[in-house]
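[1] Build me a structure from this.
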Amino acid sequence: MSPEQLEGNEADARSDIFALGAVLYEMATGKRAFSGKTQATLVAAILASEPQPISVVQPMSPPALDRVVKVCLAKDPDERFQNVHDLKLQLKWIAEGGSQAGVPAPVAARRKLSQNAAWSVAAMLAIALAAVSFLHFREKPLAPAAPVRFQIPAPENTALGPIFNLSPDGRKLAFYSSGRLWVHFLESGESRDLTDAEGSPFWSPDSRFIGYPFDNKLKKIEATGGPAQTVADLPGYWGAGAWSQEGVIVLGSSKGLYRVPASGGVLDQITTVDPVSLERSHYCPSFLPDGRHFVYIRATTTGEKSAIYLGSVDAKPQQQSSKPLIASNWGPVYAPSSDPGTGYLLFMREGTLMAQPFDNHRLELKGQATPLAEQVGDNGGGTGGYGGFSASTNDVLVYWRGGGDRQLTWYDRQGKVLGTVGEPGDYRDLALSPDGTRVAFRKRSGQVSNIWLLDLSRDTSTRFTFGSTTDSNPIWSPDGKRILFRSGNDLYQKPASGVKDAELLLTLSAAPHSDGISRDGKFLMYDVRDPKTNFDLWLLPLQGDRKPIPFLVTEFIEAAARFSPDGRWVAYLSDESGHLEIYVRSFALNSAGTAVEPGGKWQISNGYGIDPRWRGDGRELYYNAQSGQMMAVAIATTPEFRPGKPQPLGFSTERGSSSGTFWENTPDGQRFLVAASKNNRPEPYTVILNWQAGLKK
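    I've put the predicted structure just below:
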């Protein structure tokens, strides 16, 4: 296939000439003009590399043939022969001159010693002339190229996920993995680690720069590397963005969408989250061709009313459209088509990637939605988040089949598989009961999730909650008699036996995450996002007036907290260093039990850490490091608190936090229950060239 076909551009007779040039090259040399071990590297070779000259591989060939084939294989169609008649004349001239065509006289004299080679070239050219004659008679534009698929594997020691973005020119893929921003070059097959990052990357219209949030700032960096530049300050938590041809960046957040000049400036709010409609964030904007309008998602706390809307950079919050385009829990992408009046809105519907025509003049959907790919992954948020797909402006599509069924698997510390339990399924937020006989987990069905219980002795699962909103983060009480969990913006507790209905503990304006219960059963630790102070840690007394008590409220993220078995310490994650790390703080209340006394703080991880867990005796901490690598840290508490050096265990897990927790340890720290990917390999990204041709069949 010619470069223009691979890039999804219009093909014509010059594309046939490129193909003939490749055939001529192989006939003359016995080697292919372009080769690769995979489809990706083959595509990269066609787009970027040049074959060795024929005269180098086959010295007895006419130099004039070298020139003709080189012109046929030009990357730019304008640099090739513009019609097959001109090519026919060139080949006829070479055929008439035999192997001496275009060769200086002394060299030609020497070449008479190899008449066999000359006859071989003549025979080859005769065949080529016949092919050219055939092409000449049918010379007309070709039909659109068929879709071509290949995969991008995960770089070593990384795990791919749904947070990625394809460059507008379709040549580069920026993706987020384990706290780092990466870029993959589709032409060369190279993946390059660029910098620390904290969220979804997005591209400048010329595919040169990547924008991303980090350290409470909006930054941009060249795709080839180099120092990052700060565009704007970002107080609080920020999501995906989009960069228009007009030089305007629109960025999502828990408060709404904001715009800022790509050259730098101050944020200007253009949409506002509506708490009455249970909206929790606006994010994932994607610009339309006019550079002023965009599509984006308004995510709700329950997920039931999440939908895609039309927005404008010129409108104030109260002027934005209040009519949804289509219901969806996952961020949309607009993709242009060859028809300037119509493009496609790409969106997710229960794990299926859909494409529906979009009228660029009337700014509305038309026609019917068509499925593109099934079992497309997402960030597992249940109530909405990032869908695992992206598209370029030139008919290239990338999607990720992550988040599929997992198998609950027992590992020892060295990584040896000890056995499996349960059927393959969607296991998240694993929580072992104190006696080790049951595991609570979150399981998604359609747009919502519920809590399930798996009896490890009988290997059977039963549903524990039955709500129509997303239930998550199950936590066992120390005596194993209750399970506390989150449902929407509420915290509940319910008897583990299931004999009674759930009891409401707390209602908040934002969705909390239940983290852990103190050993005496008196306090629940939870984290919740605040518009001003990001994620904070709070204590909920489970007795008395149940008035929440602040534990850690700062400008940084503090989340995923766990009490130590003796109740004296709290392990949690924080980004105060600029990236996520595990810390431990001492825990003590004042004499009235209404406030936390200040105490010491120690950093446990080194470089990155999430999802801390204690061993049953409190003498070891476990956490997820980069790429899901499981780590263990020895803990001494007498005569003072003293953490050891992090040591890797023999296995890795899928990184959790916002997408759920995929592992749990037994109290003795000798076994680990992991929701492992069934193929035990990171899911690759799938690339489809000319994907719109598949819609027209």
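[2] so where is the stretch 151-300 of the chain shaky, pLDDT-wise?
    Counting by pLDDT under 70, the stretch 151-300 of the chain contains low-confidence ranges at 157, 178, 235-237.
[3] Residue 637: neighbouring residues, count only.
    16 (other CB atoms under 10 Å). (Each C-beta comes from the backbone N, C-alpha and C, glycine too.)
[4] wait, it sits on residue 565?
    No. Using CB atoms under 8 Å, residue 637 makes no contact with residue 565, being 10.8 Å away.
[5] Now the common contact residues for these two.
    residue 618 (CB atoms under 8 Å, 6 or more residues apart in numbering).
[6] quick check: domain ranges of this structure?
    With domains defined by automatic domain parsing, the chain comprises 3-137, 159-402+683-696, 406-677.
[7] could those domains go into a markdown table alongside distance to residue 148?
    Shown next, in a markdown table, are the domains of the chain (distance: least, CB to CB, whole Å):
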| stretch | distance to residue 148 |
| --- | --- |
| domain 3-137 | 7 |
| domain 159-402+683-696 | 4 |
| domain 406-677 | 26 |
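[8] Which residues does the spatially closest residue to residue 676 that is not a sequence neighbour form beta bridges with?
    Counting by CB to CB, 6 or more residues apart in numbering, residue 676 lies nearest to residue 409, which is 4.5 Å off, once chain neighbours are set aside. Beta-bridge partners of residue 409, counted by DSSP bridges, are residue 420, residue 674.
[9] swap in residue 523?
    Judged by DSSP bridges, the bridge partners of residue 523 are residue 541.
[10] Quick one, grab the pLDDT at it.
    pLDDT, residue 523: 93.
[11] likewise residue 678?
    63.
[12] How about the one 5 residues further on?
    For residue 683, the model assigns a pLDDT of 78.
[13] you'd agree it is up against residue 401?
    Yes. Taking CB under 8 Å as the definition, residue 683 is a contact partner of residue 401 at 5.5 Å.
[14] rewinding a little: kindly compare burial across the domains of the chain and name the winner.
    domain 159-402+683-696 (a mean of 20; mean count of other CB atoms under 10 Å).
[15] gap between that domain and the chain center?
    Relative to its parent chain, domain 159-402+683-696 has a centroid offset of 11 Å by CA atoms, centre = their mean, to the nearest Å.
[16] quick one: residue 27 and residue 546, what's the gap?
    Per CB to CB, to the nearest Å, residue 27 is found 83 Å from residue 546.
[17] do residue 663 as well
    Distance from residue 663 to residue 546, by CB to CB: 31 Å.
[18] what does residue 394 give?
    Applying CB to CB, the value for residue 394 to residue 546 is 57 Å.
[19] Ok, residue 152 next?
    Distance from residue 152 to residue 546, by CB to CB: 50 Å.
[20] Equivalent analysis for residue 360, please.
    Taking CB to CB, one finds residue 360 at 53 Å from residue 546.
[21] Repeat that for residue 477.
    With distances taken as CB to CB, residue 477 is found 15 Å from residue 546.
[22] now residue 179
    Relative to residue 546, and taking CB to CB, residue 179 is found at 36 Å.
[23] repeat for residue 511
    Taking CB to CB, one finds residue 511 at 18 Å from residue 546.
[24] Kindly report the same for residue 90.
    Applying CB to CB to residue 90 and residue 546 gives a distance of 88 Å.
[25] Equivalent analysis for residue 216, please.
    In this structure, residue 216 and residue 546 are 33 Å apart, going by CB to CB.
[26] which residues of this protein fall in helices?
    In the chain, the segments counted as helices under DSSP state H are 3-6, 13-29, 39-48, 54-57, 63-72, 84-97, 105-111, 115-137.
[27] lowest-confidence stretch among the ones you listed?
    For the helices of the chain, mean pLDDT drops lowest on helix 105-111, to a mean of 39.
[28] can you tell me which residues contact the nearest residue to residue 192 once chain neighbours are set aside?
    Closest residue to residue 192 in three dimensions, ignoring its sequence neighbours and counting by CB to CB, 6+ apart: residue 183, at 5.3 Å. Contacts for residue 183 (CB under 8 Å, 6+ apart) come out as 172, 173, 174, 175, 191, 192, 194, 210, 223.
[29] Could you list the low-pLDDT ranges of the stretch 501-650 of the chain?
    531, 598, 626-627.
[30] Verify the contact between residue 292 and residue 250 for me.
    No. Between residue 292 and residue 250 there is no contact under CB under 8 Å: 10.6 Å.
[31] Quick check: neighbours shared by the two?
    In contact with both residue 292 and residue 250: 244, 313, using CB under 8 Å, 6+ apart.
[32] Between residue 683 and residue 401, which contacts overlap?
    residue 377.
[33] quick one: low-confidence ranges for the stretch 351-500 of the chain?
    380-384, 403-404, 446-447.
[34] same thing but at 80, please
    For the stretch 351-500 of the chain, the stretches flagged by pLDDT under 80 are 378-385, 402-405, 444-448, 467-469.
[35] Which residue ranges of it form strands?
    Under the criterion DSSP state E, counting those that start in this stretch, strands of the stretch 351-500 of the chain are mapped to 352-359, 364-365, 370-373, 389-391, 396-400, 406-412, 417-425, 428-432, 438-445, 448-455, 460-463, 471-476, 482-487, 490-495.
[36] want to try JSON lines for these, with distance to residue 83 as columns?
    Compiled in JSON lines, these are given as follows (distance: least, CB to CB, whole Å):
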{"stretch": "strand 352-359", "distance to residue 83": "36"}
{"stretch": "strand 364-365", "distance to residue 83": "42"}
{"stretch": "strand 370-373", "distance to residue 83": "37"}
{"stretch": "strand 389-391", "distance to residue 83": "34"}
{"stretch": "strand 396-400", "distance to residue 83": "29"}
{"stretch": "strand 406-412", "distance to residue 83": "57"}
{"stretch": "strand 417-425", "distance to residue 83": "58"}
{"stretch": "strand 428-432", "distance to residue 83": "60"}
{"stretch": "strand 438-445", "distance to residue 83": "57"}
{"stretch": "strand 448-455", "distance to residue 83": "61"}
{"stretch": "strand 460-463", "distance to residue 83": "68"}
{"stretch": "strand 471-476", "distance to residue 83": "64"}
{"stretch": "strand 482-487", "distance to residue 83": "68"}
{"stretch": "strand 490-495", "distance to residue 83": "71"}
